[in-house]
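J.: Quick check, what structure comes out for this input:
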Amino acid sequence: AFHPKAVYSTDDMKGVVAYAKTRGVVVMPEFDIPGHGSWGKGYPDLMGCPTVLDPTNDDVYTFLTDFLKEMAGIFESEFIFLGGDEVDTSCWLKNQKISAWLHDHNMTDKELFGYFWQQVSSEVLPQLEGKTVGVWQSDKLEIDPKLLPSGSFGNVWQSPKKMADVIDAGMPVVLSGTWYLDQENPETAAGPCMEYAWQQTWKCMWAEEPSDQLDNGQMDYFMGGMAAMWGEGVYYGDFEARVWAKAAAVAERLWASSVITDVQGAQARLDRHICRLNMMGITAGPIIPGFCPSDLQDPALSW
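T.: This is a model prediction of the structure:
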């Protein structure tokens, strides 16, 4: 954590779940393994590298079982997300103990990554009372769907074109890559978004129709989409303005018929919706030059 007080207690997490539940929202937690982790702050013996767990250490799977069972008791969602992305497996080769284990087992560092997920599937996930697992899937399809329990899903965080490959490999998908709200040039099926201004990138997000990348059979395995705002680019003071109204553009695309393609009509709807959000006290940012009646209610303008 950035500060000893910048942490979530169990009561904090229970409070978030309860707050969301009263508003019809289900909170799905993510605990990214084996990389992207700060597990070593409390459990240094579990680490194979500074931010990557040691798959050769049986205690890793005991810890994950105990920890994830505790979290499953807090988060009521049927889904639990375990990440799996951006793991530099070569770092294991620099660990003398792991390198020796690999030699003894005639295994490469890439194969050790697969071994990790095999162990998680056989030793950890059966203890989670039927939770459905989600993982990230990049253009490289790093996690073999066959290593995870049937029904596990992949969140495609790069090109939408990769959805078909993930589905064909046996895994339902969620799409998020085009809908990274913090990106100036989010990845679309046609390539990076090339809108001139950041506030105009909603057009690329709105235009990305998932069914364009999938046939009818594959669409049966398309679970939905996710608009993502990553915390490293925002703080509480600008969060709402960065998220809205682009998140609304993503929502309209996911709910609307694929035959709705008039971006000017969408712009008019979003512009009106920004005013509605502002009137509700949500500081949604603009997408075009304009004005909302609620602007005059700002104390800073009462001169």
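J.: Show me where the stretch 151-300 of the chain has its helices.
T.: Taking DSSP state H, counting those that start in this stretch as the criterion, the stretch 151-300 of the chain contains helices spanning 163-168, 202-207, 216-219, 239-243, 246-255, 263-279.
J.: Contacts made by the fifth one with the rest, please.
T.: Helix 246-255 is contacted by residues 179, 181, 201-203, 205-210, 224-225, 227, 229, 266, 269-270, 273, 277 when judged by Cβ atoms under 8 Å, 6 or more residues apart in numbering. For the C-beta atoms, the positions are set from N, CA and C on the backbone; glycine is no exception.
J.: Alpha carbons only: can I get that helix in PDB?
T.: Taking C-alpha atoms only, helix 246-255 is exported to PDB below (Å, rounded to 0.1, in the frame of the first residue of the first chain):
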ATOM      1  CA  LYS A 246     -17.300   7.400 -21.800                       C
ATOM      2  CA  ALA A 247     -18.600   4.600 -19.600                       C
ATOM      3  CA  ALA A 248     -22.200   5.600 -20.700                       C
ATOM      4  CA  ALA A 249     -21.000   5.200 -24.400                       C
ATOM      5  CA  VAL A 250     -19.800   1.700 -23.600                       C
ATOM      6  CA  ALA A 251     -23.100   0.900 -21.900                       C
ATOM      7  CA  GLU A 252     -25.100   2.100 -24.800                       C
ATOM      8  CA  ARG A 253     -23.100   0.000 -27.200                       C
ATOM      9  CA  LEU A 254     -23.500  -3.100 -25.100                       C
ATOM     10  CA  TRP A 255     -27.200  -2.700 -24.600                       C
END
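J.: Same question for that helix: list its buried residues.
T.: Within helix 246-255, the residues scored as buried using 16 or more other Cβ atoms under 10 Å are 246-254.
J.: Over to the longest one?
T.: By neighbour count with 16+ other Cβ under 10 Å, helix 263-279 contains the buried residues 266-267, 270-271, 273-275, 277-278.
J.: that older thread, give me the buried subset of the contacts of helix 246-255.
T.: Among the contacts of helix 246-255, the ones that count as buried by 16+ other Cβ under 10 Å are 179, 181, 201-203, 205-210, 225, 227, 266, 270, 273, 277.
J.: ok, back up a step: pipe the helices of the stretch 151-300 of the chain into a markdown table and attach distance to residue 293 and mean pLDDT per row.
T.: Converted to a markdown table, these look like this (distance: least, Cβ to Cβ, whole Å; pLDDT from 0 to 100):
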| stretch | distance to residue 293 | mean pLDDT |
| --- | --- | --- |
| helix 163-168 | 42 | 96 |
| helix 202-207 | 22 | 96 |
| helix 216-219 | 42 | 96 |
| helix 239-243 | 18 | 94 |
| helix 246-255 | 19 | 96 |
| helix 263-279 | 7 | 95 |
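J.: Nearest to residue 73, out of those?
T.: helix 239-243 (28.8 Å; Cβ to Cβ).
J.: Format the CA atom coordinates belonging to that closest one as CSV.
T.: Provided in CSV are the C-alpha atoms of helix 239-243 (Å, rounded to 0.1, in the frame of the first residue of the first chain):
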residue,chain,number,x,y,z
PHE,A,239,-12.6,10.1,-11.1
GLU,A,240,-16.1,11.0,-12.1
ALA,A,241,-15.1,13.3,-14.9
ARG,A,242,-12.7,10.7,-16.3
VAL,A,243,-15.2,7.9,-16.2
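J.: Much appreciated, bye for now.
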